[in-house]
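>>> need coordinates for the below:
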Amino acid sequence: MWRWITQIALAMGMTWIGWDMAHAQPVAPAVATSAPAAGTAPHELFAKHCAACHGAERLGGMGPALMPESLERLKQKDAIAVITQGRAATQMPAFGDKLQPDDINALAKWIYSPQEPRPQWAKADIEASRIETAGWAKWPGKPVWKADPLNLFVVVEGGDHHVSLIDGDRLTVIHRFASRFALHGGPKFSPDGRYVYFGSRDGWITKYDLYNLKVVAEVRAGINMRNVAVSADGRYVMAANYLPHSVVLFDSNLQLLKLYPAQTLDGTQSSRVSAVYDAAPRQSFVVALKDIPELWEISYNPKAEPIHNGYVHDYRMGESIAEPGYLGVRRTPLSAPLDDFFFDQGYRYAIGSARPRPGETQADSQVISLDARRAVAHIDLPGMPHLGSGITWPWTRPDGSKTTVLASPNLKDGVISVIDMQTWKTITQIPTLGPGFFMRSHEASRYAWVDAMMSPAKNKLMLIDKATLQPARTIEGEPGKTLAHIEFTRDGKYALASLWEMDGALIVYDANTLAEVKRLPMSKPVGKYNVYNKITRSEGTSH
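Here you go, the predicted structure:
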């Protein structure tokens, strides 16, 4: 069954990858022209009207997967609106004149219900899903466009599921192309910046050649995916899945290498995977599990030390059966599972937090030594810190001594937590305009930029002076419209913000004067990523 669904995706999905929006044509749905009688079973409605695009098992095809895990960011009332009215600039038609309102409501409710038995996505399914563009290895090794390839921005437009490429010097659009549905987790780049890897919530990984503006290969790593990571040497790509519970390793061309079930050592518990990130100096991937209190490290160094699981009196005397360290799972036990985490600049520590349990005002936030494989400190972080969007910068204490600070936005409280990364103590809690999602800066900027997109002040950005740790400036956008997610040009001269609306834009600010320089119309630009800042792991951006 899974292979059949995959073939739908291969045959139909690739017909639109890489198209410019201007070439996208509406496709007439294969549905009856007269409305059926109200009361038809939802699964029958789905089979008749939806399965051709969304897959017989709701796993997706030309359209996205329709399951609770895939729809968690779409409210059910919004799903009803999409079914009724269709979705502009996509191939999703309107069914308001074909189905009764009660049937639309029942269908929407049904796609939010869990599937039994739970769908699986095994090694054979992953391998069968892979697509490769013939002849890509002979494509030119220089950009077909004129611009600095390291000052390129990749902009994810969530409104109509497209990606735009922006020249960071001229601040103009170089190219725009269609993407998979609901890209998530931020694109990741090869070390030279030529290739970018996109991950979608539906589990698809796309390798795209930025020089030649073409898709190289695609593979479906899972049914519901959190994010992807690319190794510092460019040889490996790893995917973190919610469904099925797995971590999947590929080579740089998306050939499957290894499938890791996300479970305890004895196999009695399995877990969704919160996130995977590359720890470049360690030559390893670090993986957080959402339902099991463990942090994994998977080394891609062929000379990695062997792994000794279980109780060992003295590993130097060979008192346990060792597993290979290369591509093996090195487990660190934790006091609580992690939802998201952050690294220090040297990648010796992972700083992670869980979501607060019901009745708690804050969750357990831990500093985990990746060398000692244990928590070495706990941090006072209120509310719901968004460590995955945290940043660091060098700071001078009042007594003149030097340290590095970690600053994290908060999804629940209007506060920025600033932590001394030598003592792991809280230096200050900076009040903000409201709960926010993103925090960004640049080595050349005196400010850390914070949004308040989870609050009524969502149209405002607050700038924090990195020396004084005090609010310094406020940028106010259009009333009622979300302004969020800053990213800087390679040199830090300009800061680009997202007007996070369907009829949105990239708003370019002079990073020193804060004057608005330019606007580029975009369809809900949910994120933008500068190639140089990402591949050099700038202290002002997330990793």
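
>>> the strands in the stretch 201-350 of the chain, which residues?
Here the stretch 201-350 of the chain has its strands, by DSSP state E, counting those that start in this stretch, at 204-209, 214-220, 224-230, 236-243, 246-251, 256-261, 273-279, 284-289, 294-299, 307-308, 322-323, 329-333, 340-343, 349-353.

>>> quick one: strands adjacent to the third one?
Same thing as strand 224-230. The pairing partners recorded for strand 224-230 under DSSP bridges are strand 236-243 (antiparallel).

>>> low-confidence stretches in the chain?
Applying pLDDT under 70 to the chain flags the ranges 1-39, 56, 61-62, 69, 72-73, 88-90, 310-321, 359-361.

>>> go again with 90.
By pLDDT under 90, the weakly predicted segments of the chain are 1-120, 181-182, 184-185, 308-322, 335-336, 338-340, 345, 353-365, 380-388, 539-543.

>>> out of the strands of the stretch 201-350 of the chain, nearest to R118?
When the strands of the stretch 201-350 of the chain are compared by C-beta to C-beta, strand 236-243 sits nearest R118, at 7.6 Å. To be clear about C-beta, it is placed using only N, CA and C from the backbone, and glycine gets the same treatment.

>>> between that closest one and strand 294-299, how many degrees?
Using axes from the mean of the first three to the mean of the last three C-alpha atoms, to 10 degrees, the inter-axis angle of strand 236-243 relative to strand 294-299 is 160 degrees.

>>> ok now strand 236-243, how far from the chain's centre?
For strand 236-243, the separation from the chain centroid amounts to 11 Å (computed by C-alpha atoms, centre = their mean, to the nearest Å).

>>> with stretch 141-160 instead?
Relative to its chain's centre, stretch 141-160 lies at 19 Å (C-alpha atoms, centre = their mean).

>>> which positions in it come out as buried?
Of all the residues in stretch 141-160, those buried under the rule 16 or more other C-beta atoms under 10 Å are 143, 147, 149-160.

>>> let's have these in JSON lines, adding secondary structure.
Output for those, formatted as JSON lines (DSSP: H, G, I helix; E, B strand; the rest coil):
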{"residue": "P143", "secondary structure": "coil"}
{"residue": "A147", "secondary structure": "coil"}
{"residue": "P149", "secondary structure": "helix"}
{"residue": "L150", "secondary structure": "helix"}
{"residue": "N151", "secondary structure": "helix"}
{"residue": "L152", "secondary structure": "strand"}
{"residue": "F153", "secondary structure": "strand"}
{"residue": "V154", "secondary structure": "strand"}
{"residue": "V155", "secondary structure": "strand"}
{"residue": "V156", "secondary structure": "strand"}
{"residue": "E157", "secondary structure": "strand"}
{"residue": "G158", "secondary structure": "coil"}
{"residue": "G159", "secondary structure": "coil"}
{"residue": "D160", "secondary structure": "coil"}
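
>>> just the closest of those residues to A47, please.
Among these, and counting by C-beta to C-beta, the member closest to A47 is D160, at 27.7 Å.

>>> how long is stretch 64-80 end to end?
16 Å (C-alpha to C-alpha, to the nearest Å).

>>> could you number the chain from 40 rather than 1 from now on?
Will do, 40 is the new start, and the previous item becomes stretch 103-119.

>>> who touches that stretch?
Contact partners of stretch 103-119, identified using C-beta atoms under 8 Å, 6 or more residues apart in numbering, comprise 89, 93-94, 97-99, 121, 143-144, 147-148, 150-154, 158, 220-221, 240-242, 262-263, 281-282.

>>> out of those residues, name the ones that lie in helices.
The subset of the contacts of stretch 103-119 located in helices under the criterion DSSP state H comprises H93, V121, I143, N144, A147, K148, I150.

>>> give me the buried entries from the residues you listed.
For the ones in helices among the contacts of stretch 103-119, a burial check counting by 16+ other C-beta under 10 Å picks out H93, V121, I143, N144, A147, I150.

>>> just flag the most distant two among those.
Farthest pair in those, by C-beta to C-beta: H93 and N144, 17.9 Å.

>>> may I see the buried residues of stretch 559-574?
Neighbour-count burial for stretch 559-574 flags 559, 561-574 (criterion: 16+ other C-beta under 10 Å).

>>> and K177, backbone torsions?
phi -100, psi 10 (degrees, to the nearest 10).

>>> look up how far A256 lies from it.
15 Å (C-beta to C-beta, to the nearest Å).

>>> could you check which of those two is surrounded by more residues?
Shown here are K177 and A256; by other C-beta atoms under 10 Å, A256 has more neighbours (21 against 7).

>>> now, among the ones in helices among the contacts of stretch 103-119, which is nearest to D208?
For those, the nearest to D208 is V121 (38.6 Å; C-beta to C-beta).

>>> test my guess that the closest one contacts M131.
Yes: in this structure V121 lies within contact range of M131 using C-beta atoms under 8 Å: 6.6 Å.
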